[in-house]
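# generate a structure from the sequence data that follows.
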Amino acid sequence: MTTLHSPDLSIIIVNWNVCDLLRACLHAVERGRGALDVEVIVVDSASGDGSVAMLQREFPWVRLIACAENVGFPKGNNLGLAAANGRFLYLLNPDTEIVGDALAVMVQYMVQHPDVGVLGAQLLYPDGRIQSSRRRFPTLATGIFESTWLQPLAPAGLLHQYYAQDLRDDEVADVDWVMGASMMTRREVLEQVGGMDEAYFMYSEELDWCRRIRDAGWRVVYLPTAQVVHYEGKSSEQAVTARHINFNRAKLRYFRKYHGRFPTLILRLILLSNYGWQLVVEFMKGVLGHKRPLRWQRVRAYWAVLRSGLRPAGY
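Okay, the predicted model is just below:
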């Protein structure tokens, strides 16, 4: 009878058309794994940029799950989680690079703190600046202002609270959720809570997952002594209109799931009104001849958002 090998850490990377960044990410993992017994699983969402061939040629030690279609971030991670054998499970974006011994630091922290269900590293921009990566759960007011054109008008303190700006960047802290670019969890959490909600496709899935994990009694912790460089949004940049739609439908799914139908309807109408107003603004700028190609591109994108209706994903 063969015994299933259980490594210290399983790293799951969901890739879509970022071949060069994925290569750099995997080289950083190679440099950073040290004495840890690590398995790496790459779930490729039908990339058309040669990612699969590159993996097979340059990284034969990586376990590849090649999908026939773009399955989305939550489902891709769930496929990787289902295949993983590690004691600890680490979701890592392909547009990241592990800094130094971050993997060992995170695993050690999880070992020493068995009540921690999710651990997030400190994310850095490529130039070394700290990237905001820890959050508190959003309120309806947060949903109205955060990442919309109304954000400059947000009440004092609203986004300060949401972005946990009262916490020092170099301070280990309990938070509500951390960014999905770097999330470590443990097998017991997956067995208790299950994987990500696949109805999200992209965006808000880590918010939802952390909420379920917190509700199950686990801690979510931000650990700045582990650092990861994050190039941020390189996959989503390839589909701008889809990004607008997916981001807002995911936001609305979260609010429908945790705040109910009526608050979600209010938020949906406000978001659609935002896009309607911006469409008019961009159209008028285009008519007046200001950066016309850009204006018409935005008009088309915002019109597609309005036509979608921004119905909450999965409802």
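# show me the chain divided up by domain.
As assigned by automatic domain parsing, the chain contains the domains 9-236, 239-308.
# of all those domains, which one is nearest Tyr315?
Ranking the domains of the chain by their distance to Tyr315 (criterion: C-beta to C-beta) puts domain 239-308 first, at 5.6 Å. C-beta coordinates here come from the backbone N, C-alpha and C atoms, glycine included.
# quickly compare the domains of the chain and say which is most buried.
domain 9-236 (a mean of 18; mean count of other C-beta atoms under 10 Å).
# following the longest helix along the chain, which helix or strand shows up next?
Determined from DSSP state H, the single longest helix within the chain is helix 261-287. Next along the chain after helix 261-287, taking DSSP states H and E as the criterion, comes helix 292-308.
# and that next one, how far from the chain's centre?
Per C-alpha atoms, centre = their mean, to the nearest Å, the displacement of helix 292-308 from the mean C-alpha position of its chain is 25 Å.
# what's next to that helix, contact-wise?
Helix 292-308 is contacted by residues 240-241, 244-245, 248-249, 272, 275-276, 278-279, 282-283, 285-286 when judged by C-beta atoms under 8 Å, 6 or more residues apart in numbering.
# let's see it at 10 Å
240-249, 271-289, 291 (C-beta atoms under 10 Å, 6 or more residues apart in numbering).
# where exactly do the helices run in the chain?
19-32, 51-58, 73-83, 102-112, 140-145, 158-162, 187-193, 205-215, 240-259, 261-287, 292-308.
# redo those as JSON lines? Include mean pLDDT.
JSON lines is the format used below for these (pLDDT from 0 to 100):
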{"stretch": "helix 19-32", "mean pLDDT": "96"}
{"stretch": "helix 51-58", "mean pLDDT": "96"}
{"stretch": "helix 73-83", "mean pLDDT": "97"}
{"stretch": "helix 102-112", "mean pLDDT": "98"}
{"stretch": "helix 140-145", "mean pLDDT": "95"}
{"stretch": "helix 158-162", "mean pLDDT": "96"}
{"stretch": "helix 187-193", "mean pLDDT": "97"}
{"stretch": "helix 205-215", "mean pLDDT": "98"}
{"stretch": "helix 240-259", "mean pLDDT": "93"}
{"stretch": "helix 261-287", "mean pLDDT": "95"}
{"stretch": "helix 292-308", "mean pLDDT": "93"}
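# between these, which one is closest to Trp177.
Each of the helices of the chain has some distance to Trp177 by C-beta to C-beta; the shortest is helix 205-215, at 3.5 Å.
# now find how far off-centre the closest one is within its chain.
Taking mean C-alpha positions (C-alpha atoms, centre = their mean), helix 205-215 and its chain are 12 Å apart.
# any idea of the angle that helix forms with helix 240-259?
Relative orientation of helix 205-215 versus helix 240-259 (axes from the mean of the first three to the mean of the last three C-alpha atoms, to 10 degrees): 20 degrees.
# got the angle for helix 205-215 vs helix 73-83?
Computed by the same axes, to 10 degrees, the angle between helix 205-215 and helix 73-83 is 60 degrees.
# alpha carbons of helix 205-215, as PDB, please.
The C-alpha trace of helix 205-215 is given here as PDB (Å, rounded to 0.1, in the frame of the first residue of the first chain):
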ATOM      1  CA  GLU A 205     -13.900  35.900  -4.000                       C
ATOM      2  CA  GLU A 206     -11.200  36.300  -1.300                       C
ATOM      3  CA  LEU A 207     -13.400  38.700   0.600                       C
ATOM      4  CA  ASP A 208     -16.200  36.100   0.600                       C
ATOM      5  CA  TRP A 209     -13.800  33.300   1.500                       C
ATOM      6  CA  CYS A 210     -12.200  35.200   4.400                       C
ATOM      7  CA  ARG A 211     -15.700  36.100   5.700                       C
ATOM      8  CA  ARG A 212     -16.700  32.400   5.700                       C
ATOM      9  CA  ILE A 213     -13.500  31.500   7.400                       C
ATOM     10  CA  ARG A 214     -13.800  34.200  10.000                       C
ATOM     11  CA  ASP A 215     -17.400  33.200  10.600                       C
END
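# kind regards, and thank you for your time.
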